[in-house]
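J.: model the structure of this input:
(5 chains, ligands or ions: 5)
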Amino acid sequence: MLDAAIRKKLRDFELDLSFSVRPGGILVLMGSNGSGKSTTLNILAGLLEPDAGCIRLNGTTFCEPRRNISVPIEDRRIGYVFQNTAVFPHLSVRENIAYGLRAHNASSQEIEEQVRNLIQTMGLGDLSGVTASRLSGGQKQRVALARAIAIRPTLLMMDEPFSSLDLESTHTVKQLIKTFVDRMHIPCIIVTHRVADCHEIGDRVLVIASGKKEWEGRPQDMPADCSVCRCPSGRP
Amino acid sequence: MLDAAIRKKLRDFELDLSFSVRPGGILVLMGSNGSGKSTTLNILAGLLEPDAGCIRLNGTTFCEPRRNISVPIEDRRIGYVFQNTAVFPHLSVRENIAYGLRAHNASSQEIEEQVRNLIQTMGLGDLSGVTASRLSGGQKQRVALARAIAIRPTLLMMDEPFSSLDLESTHTVKQLIKTFVDRMHIPCIIVTHRVADCHEIGDRVLVIASGKKEWEGRPQDMPADCSVCRCPSGRP
Amino acid sequence: MKPPSLIPEKYRRLFLYTGAIVLVLSVTLYLALPIAALFFRTTPELFWASLSDPLVISALWLSLTTSAISLLVVILVGTPFAYVHSRSAYPGKVLVDTLIDLPLVLPPAVAGFALLVLYGRMGLLGQYFRMLGIPIAFTTLAVIMAQIFVASPFYLRQAKSLFEQFDRSYEHTARTLGASPLRTFLTITLPLTAGGLVSGAVMTFGRALGEFGATIMFAGNLPGVTQTMPLAVYVGMESNFNLGLTISILLVIISFLIMIAVRILTKTEVPHA
Amino acid sequence: MKPPSLIPEKYRRLFLYTGAIVLVLSVTLYLALPIAALFFRTTPELFWASLSDPLVISALWLSLTTSAISLLVVILVGTPFAYVHSRSAYPGKVLVDTLIDLPLVLPPAVAGFALLVLYGRMGLLGQYFRMLGIPIAFTTLAVIMAQIFVASPFYLRQAKSLFEQFDRSYEHTARTLGASPLRTFLTITLPLTAGGLVSGAVMTFGRALGEFGATIMFAGNLPGVTQTMPLAVYVGMESNFNLGLTISILLVIISFLIMIAVRILTKTEVPHA
Amino acid sequence: TSTSTAPATPSATAAPVSTPAALETAAPTLVVTTAAPAATKEAVKPTSTPKPVYTYSEGNVVAYTAASLSGVSPKLAEGFEKMYPGHKVVFNLAGTQALKTQVQNGAYCDVFISASNSYTNELTKGGYFVSGTVKPLTSNYVIVILPKDNPANIRSLSDLAKKGVKIAVADKSVPVGTATTSVIANLAKSANYGKEWNSSVYGNIVTYETSEPAVAGKVELGEVDAGFVYESTYIAGKDKFVAISVPKAINYLQTYTIGVMKDSTSKGAAADFETFMLSADGQQILEDYGFRPL
Ligand SMILES: Nc1ncnc2c1ncn2[C@@H]1O[C@H](COP(=O)(O)OP(=O)(O)OP(=O)(O)O)[C@@H](O)[C@H]1O
Ligand SMILES: Nc1ncnc2c1ncn2[C@@H]1O[C@H](COP(=O)(O)OP(=O)(O)OP(=O)(O)O)[C@@H](O)[C@H]1O
Ligand code: MOO
Ligand SMILES: [Mg+2]
Ligand SMILES: [Mg+2]
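T.: Ligands and ions are numbered 1, 2, ... in the order given. The predicted model follows:
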């Protein structure tokens, strides 16, 4: 169970949110450009300190400025896929995926097996030895995803993970995420701009606007006048 | 009128394509991850040299290795939005958009006016003085677009320009592109993974697979068994 | 998952902070203390006296002007050189790379000697310059040439590695927007590497300002013509400790002011992509 | 749009190429010719004779070992220092920044003098070391201390600016994947900045190897103890030019070999993001 | 010149240990050699009185030695080791002014060989020597050397004032520089030369070097037309230079001294070294290299 209440002053507005994600649940975080989605994930991951609030995962407090608590990033065991992917340019696809496993002292047999599985599932088969800087945009995105999942995180967060994926990959990856979250029984947050994604993968949707909650609920209940569904032409 | 025939050896396959785009026409370039879309645009822009072929725009040969012709990048006047946006991190939003105009020696009045218009159309109003490195993903994408359009290019190319945009921005930007291409009567190429985009904005679609043409035609004629429409689950 | 507990975390931070502070302090003190010690050994009277010595003033002036000229030459020639070098593949590139490094490891006196062997009156090239009536050795020009020879590698190396590591997609974008290679370089590459280039320039200026061995070998030690501060300090210090000391302090203060000026002038923060 | 015509383009290229070639050639020749000139002034016999001179051998050995030790100290202390420094904001940071630069502009003789004033027998700290029976000035330790003092800024500056400009999102990603700050540093930051760090290390090693002024002031010129190559060359050259010359050539050759070794060792290309 | 101020007093009387310059009537001419001692090629005879009473470890002598002894230093080391088997000497060679500063700032040495009385006196006053060990060692006159091919065609001291002649001297903080300054002053006072000559010569100086061998180096390379050095340098390098002597009457006799340092931890070996230097063998080696016996 993830319980988050965060407050942080940004350049144009104050981010002020509170929400929970149940184990096995997938929260889809939506909102227009610059509404604070990436910032929210960065705070959860510990990359940014909130001004106030409290972040608790499975009973452990990750962050509470008032009590001066802040668990180091590396101890949070959060799988986080950045918006810009940030694949390590000097490592091969294989080593990128193995990175977190090595950091968690996995046995070499375990690493071998995990990496092989993920490379196959992600359709990166031919690229396993290729240096990551030589990948196409979509290939990088898949590596970043595989890398985050590999560490068997206790919370999975992805910032627009499907934006550069082709249709087939998008489908495969969605299936993979659903299965993974379900089997590991962990909370998951996905940032996306596509309403279709909510329906396909989300069990709850949180829409934010200028850092504040605009709407929260089940995908099927999403109102048509919601900022992220509204479309000037009327076409969805 | 753009006529392109290009051949280039890549790591995993050979890129070998020929296609034309009429003035005022929008070609949607599709293909799975790593099929060679970004590479194709880079060759058209002059950032990569093809091994063979010929690129002609409005009767001028831009590139023909056999005859040792290669027009310098800056003289091609191509509006090109990169997949990674590449907004200049040290310049403000305003200066990013004005960059190409200044390079083309536009008068300061013209620059002023163009930039103001674009900032407004792109919904970047409040951000005009903000340094580009402090923008959110979608904001950067919009700046990159405005910057490319500002120079009134003779060919407009965009690599996944909607991937990080929210629904409203996507719609605005699409309208803008359509109007612009029509009014300037220039050819335009858009790379995307979303079939919906073809229908909304494209008048022709080119699907490539491993660097070769798989299908070309009008969006409405696109076959359901095309690699980019095929979806394992059957859901489109 | 290891449950993150609070006490160890607290201690870990304490440990980390202490380590960091000790580290920063020790490096700072190692570099600062000797300089501070200089100040303890002089008196204000001595200091003002040396300030009014015309020889000190002329040496100071000579040092600052020659170093500035050397720096200017290095920047004007070295920047385009480093750019061309890092952007193109040509035969013998590795050799050029190594040559750039060589003056770094050459003892300055040897560097001065090498310059003398080449440009000296009897030198391989110097004899022709002499026929043309252009003396090089033992002139102010020789001071500048020596400074450029020993100091330029610091700028060249820095510029080279900055340009090599620069993200090409910014340059590519600028080119598609109609900017010529030169314009691209001036408006994109240069501002985004400015921090590093200034750092290289400071190293070069510093090396030129402190240059001693090559100068005395190749340019000699003539007050007003080739006697730069380091030479004046060396000569002065050996015989008159306190005078050498005060000149040194003067130089420290001037250096300090230059550094601070550089820092203020280049304050314009260049953010990372 | 200006219609791109072919002939001007051809000439433009020719012009650009010629410019580039002239630029590269002139920089290369300026740095290479003096060194080449050295080789013209010696004979193989002289060269072999100097190679068997025990003083030359001991100076060479002393130079290489002290420079290597200095470099090691600078890397081991300087790397974490630069990292901490560039990653944290603390009071007086600007001052520390300036202090790091100061030894750069200080003439080496003054630097040596400052060290003497601090650690010399009569020095502010030296007198206490003396009571403890630890002489510092005019020992091999002093050679190393002088080298560190004058050469470390080259590494520190380079490391600082590399770490400052490093794209933090790589580090952040590594941390979320469970890597400790140390592990992140070793597996991500270090490999991706390695090229620049090696460049800084080469500059530092070169500066230490060529160090003269501070060494002769603070450590003296005692064969086997403090007489490094540059000092030996200087003294040798004063009495016997050809000897000084051959030692210099020896140094050039060794430097060349070291540079090439570094180049080969760091060949592992670090691609840009 | 420049920044140095202090010990610029060339007056021989100011220095108690100094020997006044001897008189000589020889006119300034282009010379092959002055009244310098004949360079005897005869090998140093092993002394009959070796006194190896010290253990080997005590036998290391660190000698801070005026740079003008650079050329002779290997021979001196050889001779010392022959006379006292087991002993060894290492020389720290630099201009006396630099050595003095180093010693004043804590440099360790056993023996100090100075090329200048004023520096010797300064160190004596500072209590650096074992009292009674400071003794005159040898002496040297100033001479003008020219490159072998004499490019400026200098035939006499008057020619030094010719326009365009390049002259190297040592800085006046260097002992030989002090001597040079007073020699030029003496010449200027004499009828043959005068004030104008004096200012022309100073105008022709292109560098003030920091040690005596550095002056010789610039001449040897042919980079300057003339240099003021010690006679010993000319005699030891006759194949490289031609010289113009300065009449003894107006020359400056520089006296070298040797002394054992108070802080020396092997005073015995240091004393042995001094003994060797003052012995017939030591003096012979110095003479072979053109130094003048006292
Ligand atoms: N810098 C590079 N060096 C070598 N190979 C590369 C490089 N960049 C891309 N490639 C390879 O070239 C092929 C085509 O890449 P390209 O970037 O054109 O694909 P794309 O169609 O744009 O894919 P995506 O939809 O994922 O962006 C891929 O196999 C890719 O791995
Ligand atoms: N480094 C930064 N410094 C200052 N302000 C920033 C920085 N990065 C983002 N911002 C601002 O903070 C606000 C929230 O940004 P954030 O990146 O969280 O938006 P987002 O919801 O992820 O948008 P997008 O969908 O475009 O990625 C925006 O107004 C943005 O301009
Ligand atoms: O001390 Mo010297 O021997 O005059 O250079
Ligand atoms: Mg975002
Ligand atoms: Mg692509």
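J.: using PDB, write out every CA atom in stretch A:154-161.
T.: Presented in PDB, the C-alpha positions along stretch A:154-161 are these (Å, rounded to 0.1, in the frame of the first residue of the first chain):
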ATOM      1  CA  THR A 154       8.200  -2.700  -4.200                       C
ATOM      2  CA  LEU A 155       6.600   0.200  -6.100                       C
ATOM      3  CA  LEU A 156       6.700   0.600  -9.900                       C
ATOM      4  CA  MET A 157       6.500   4.100 -11.500                       C
ATOM      5  CA  MET A 158       6.600   4.900 -15.100                       C
ATOM      6  CA  ASP A 159       6.700   8.300 -16.800                       C
ATOM      7  CA  GLU A 160       5.000   8.100 -20.200                       C
ATOM      8  CA  PRO A 161       6.400   4.600 -20.800                       C
END
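J.: can you list the residues that contact it?
T.: A:2, A:37-38, A:41, A:44-45, A:57-58, A:76-83, A:141, A:144-145, A:148-149, A:173, A:177, A:180-181, A:186-193, B:137, B:163-164, C:1 (Cβ atoms under 8 Å, 6 or more residues apart in numbering or on different chains). Just so you know, the C-beta spots here come from the backbone N, C-alpha and C atoms, and that holds for glycine as well.
J.: residues in contact with residue 39?
T.: No chain in the question, so chain A it is. So A:Thr39 contacts A:Lys8, A:Leu10, A:Leu15, A:Leu48, A:Gly211 (Cβ under 8 Å, 6+ apart).
J.: my question was about chain C
T.: Counting by Cβ under 8 Å, 6+ apart, C:Phe39 has contacts C:Ile249.
J.: what about it, helix or strand, and which?
T.: helix C:6-40 (DSSP states H and E).
J.: so which bits of that helix are buried?
T.: Neighbour counts using 16 or more other Cβ atoms under 10 Å in any protein chain shown place C:20, C:23-24, C:27-28, C:30-35, C:37-38 of helix C:6-40 among the buried residues.
J.: quick check: what element follows it along the chain?
T.: helix C:44-51.
J.: say whether chain D is contacted by that next one.
T.: No - figure legend: helix C:44-51 not in contact with chain D (Cβ under 8 Å from any Cβ of the partner chain); closest approach 13.4 Å.
J.: helix C:44-51 and the helix or strand that that helix is followed by, what's the angle between them?
T.: Next helix or strand after helix C:44-51 toward the C-terminus (DSSP H and E): helix C:54-87. Orientation of helix C:54-87 against helix C:44-51 (axes from the mean of the first three to the mean of the last three Cα atoms, to 10 degrees) gives an angle of 70 degrees.
J.: now helix C:54-87: buried residues?
T.: Buried residues in helix C:54-87 (16+ other Cβ under 10 Å): C:55-56, C:58-60, C:62-64, C:66-67, C:69-71, C:74-75, C:77-87.
J.: can you give me the helices for chain E?
T.: E:73-83, E:96-104, E:117-125, E:175-189, E:194-204, E:212-220, E:231-236, E:267-278, E:280-288 (DSSP state H).
J.: among the ones you listed, which is the most enclosed?
T.: helix E:212-220 (a mean of 28; mean count of other Cβ atoms under 10 Å in any protein chain shown).
J.: longest helix anywhere in chain A?
T.: Longest helix in chain A, counting by DSSP H: helix A:167-184.
J.: which of the residues in it are buried?
T.: Under the neighbour-count criterion of 16+ other Cβ under 10 Å, helix A:167-184 has A:167-174, A:176-178, A:180-181, A:184 buried.
J.: equivalent analysis for stretch C:108-127, please.
T.: Within stretch C:108-127, the residues scored as buried using 16+ other Cβ under 10 Å are C:108-124, C:126.
J.: looking at those, which are in helices?
T.: Going by DSSP H, the helices hold C:108-119, C:126 from the buried residues of stretch C:108-127.
J.: for those, which one is nearest ligand 3?
T.: C:Ala109 (16.0 Å; Cβ to the nearest ligand atom).
J.: so what's the nearest residue to the closest one once chain neighbours are set aside up against?
T.: Using Cβ to Cβ, 6 or more residues apart in numbering or on different chains and skipping the chain neighbours, the partner closest in space to C:Ala109 is C:Gly213 (3.9 Å). C:Gly213 makes contact with C:Pro107, C:Pro108, C:Ala109, C:Val110, C:Ala111, C:Gly112, D:Phe212, D:Gly213, D:Pro230, D:Tyr234, according to Cβ under 8 Å, 6+ apart.
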